[in-house]
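1. Sequence and predicted structure below; questions after.
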Amino acid sequence: MKTLKIAIQKSGRLNEKSVEILKNCGLSFENYKSSLISTVTNFPLEILFLRDDDIPEYVQDGIADLGIVGENVIVEAGAEVTYLQKLGFGKCTLKIAIPNESQITEIAQLGGTAIATSYPVILEKYLKDNDVIAEVRTISGSVEIGPGLGLSDAICDIVSTGGTLKSNGLKPFSEVMKSEAILIGKEGSNLLPEVQELLQRIRSVLRAKETKYVVLNVAKTNLKKVVDLLPGVKSPTVVPLFDEEWVAVHSVIAEHDFWEKINSLKAAGAEGIVVMPIEKIIA
Ligand code: PRT
Ligand code: ZN
């Protein structure tokens, strides 16, 4: 079996979740903070711990077969890699922001302004797509202080809660791109059986995260109403109870409309509802 290499962020916002998803796939490895490489003991895989900016090129050039990195970093690097799976963490939006007192209300008004960013490639493309000619000032960090220092009229930076913009007297103006962590592969890597195995495991972990396991009791007279609310993986499991008038129903429900579903189940006659996390769902 070929030993694959996967590059993940050494430290920073994506490190913990990247390690967690690999561990949830059943992979055993030491998360050494001090070393660059860790060997998985129960799968043909080595983990490279890198700065996130280096990951797209490492994967493009085949130094790593796989990588986990934010889409913003991949697009900025212009790397030619295959997107294998969105991972649902590290979610953020690259936005143009302007000072609270700015009079700018339309994209066209950015023409002739200076915009500070660490994402010049993405910003240039966005401006071009919107027929705006502005000066892009590339700075590597603390972009949000640009307008306050008189360095720029606007900024283009990553926003998640919006707290950083607020505390620097800035307001979001327009959305440039949405991003989240993505599992990428060298072109063609998705054909390798080891990659397919890993992908299957990652997808089963992601599916499980989006769902909860529910067990509830319901009187047989209300069973149809309750079952109609529960699709399950195939269809709900119905188990007899000692009290012959009642049954227990086991099913899987989606995280996104969890509370609505629980409330409709209660209204339909469900009682003693127990909800449990699911570790994996194998398709
Ligand atoms: O050391 P290394 O180069 O590996 O890491 P880094 O410092 O370049 O990146 P890091 O760890 O900060 O972020 C890694 C990735 O996380 C980014 O490339 C994004 O894909 C994603 N991500 C998600 C974020 C944020 N949320 C985020 N909020 N990256 C940065 N921020 C910063 C942003 O730059 C701004 O300064 O947080 C601030 C804004 O946050 P709010 O919550 O105040 O809006
Ligand atoms: Zn970085």
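-> Yep, it's here. Ligands and ions are numbered 1, 2, ... in the order given.
2. May I ask you to name the longest helix in this protein?
-> Using DSSP state H, we find that the single longest helix of the chain is helix 193-209.
3. Show me what from the protein comes close to ligand 1.
-> 9, 12-14, 51-53, 70, 72-73, 90, 92, 157-164, 179 (Cβ under 6 Å from any ligand atom). Heads up, the C-betas are built off the backbone N, CA and C, glycines and all.
4. All the strands of the stretch 1-150 of the chain, residue numbers only.
-> Assigned by DSSP state E, counting those that start in this stretch, the strands in the stretch 1-150 of the chain fall at 4-9, 37-39, 45-50, 66-70, 82-86, 92-99, 114-117, 135-138.
5. Tell me which of those strands sits most buried.
-> Compared across the strands of the stretch 1-150 of the chain, strand 66-70 shows the largest average neighbour count, a mean of 29 (mean count of other Cβ atoms under 10 Å).
6. Could you list the domains of the protein?
-> Following automatic domain parsing, one gets these domains for the chain: 4-89+180-208, 92-179, 211-277.
7. Of all those, which one comes closest to ligand 2?
-> Nearest to ligand 2 among the domains of the chain is domain 4-89+180-208; the distance by Cβ to the ion comes to 4.2 Å.
8. Give me the distance between the closest one and the centre of its chain.
-> Between the centre of domain 4-89+180-208 and the centre of its chain there are 13 Å (Cα atoms, centre = their mean, to the nearest Å).
9. per-residue confidence averaged over that domain?
-> The average of the pLDDT scores along domain 4-89+180-208 is 95.
10. Sketch out the helices for this structure, chain order is fine.
-> Per DSSP H, the chain carries helices over the ranges 15-24, 55-60, 71-77, 120-129, 163-167, 193-209, 223-228, 258-267.
11. Quick one: neighbours of the residue lying closest to Val218 once chain neighbours are set aside, just the number.
-> Once flanking residues are discounted, Val218 sits nearest to Val226: 4.7 Å by Cβ to Cβ, 6 or more residues apart in numbering. When neighbours are defined as other Cβ atoms under 10 Å, Val226 has 24 of them.
12. Val226: what's it in contact with?
-> The neighbourhood of Val226, defined by Cβ atoms under 8 Å, 6 or more residues apart in numbering, consists of 216, 218, 249, 265, 268-270.
13. Could you pick out the buried ones from the residues you listed?
-> Neighbour-count burial within these applies to 216, 218, 249, 265, 268, 270; the criterion is 16 or more other Cβ atoms under 10 Å.
14. Nearest to ligand 1, out of these: which one, please.
-> Within these, proximity to ligand 1 (Cβ to the nearest ligand atom) peaks at Leu265, which comes in at 34.9 Å.
15. Around ligand 2, which positions in the stretch 51-200 of the chain sit nearby?
-> Within the stretch 51-200 of the chain, the positions near ligand 2 by Cβ under 5 Å from the ion are 52-53.
16. quick one: contacts for whichever residue of the stretch 51-200 of the chain sits closest to ligand 1?
-> Ligand 1 sits closest to Gly70 of the stretch 51-200 of the chain, with a gap of 2.2 Å, by Cβ to the nearest ligand atom. By Cβ under 8 Å, 6+ apart, Gly70 lies in contact with 14, 52, 90, 92, 179-182.
17. can you tell me which of the buried ones among the contacts of Val226 are in strands?
-> Among the buried ones among the contacts of Val226, the residues falling in strands (DSSP state E) are 216, 218, 249.
18. so what's the residue nearest to Gly12 when sequence neighbours are not counted up against?
-> Nearest non-adjacent residue to Gly12, counting by Cβ to Cβ, 6+ apart: Asp52, 6.3 Å away. Contacts for Asp52 (Cβ under 8 Å, 6+ apart) come out as 9, 12, 14, 69-70, 73.
19. doesn't Trp246 make contact with Lys220?
-> Yes - with contact defined as Cβ atoms under 8 Å, Lys220 reaches Trp246; the gap is 6.7 Å.
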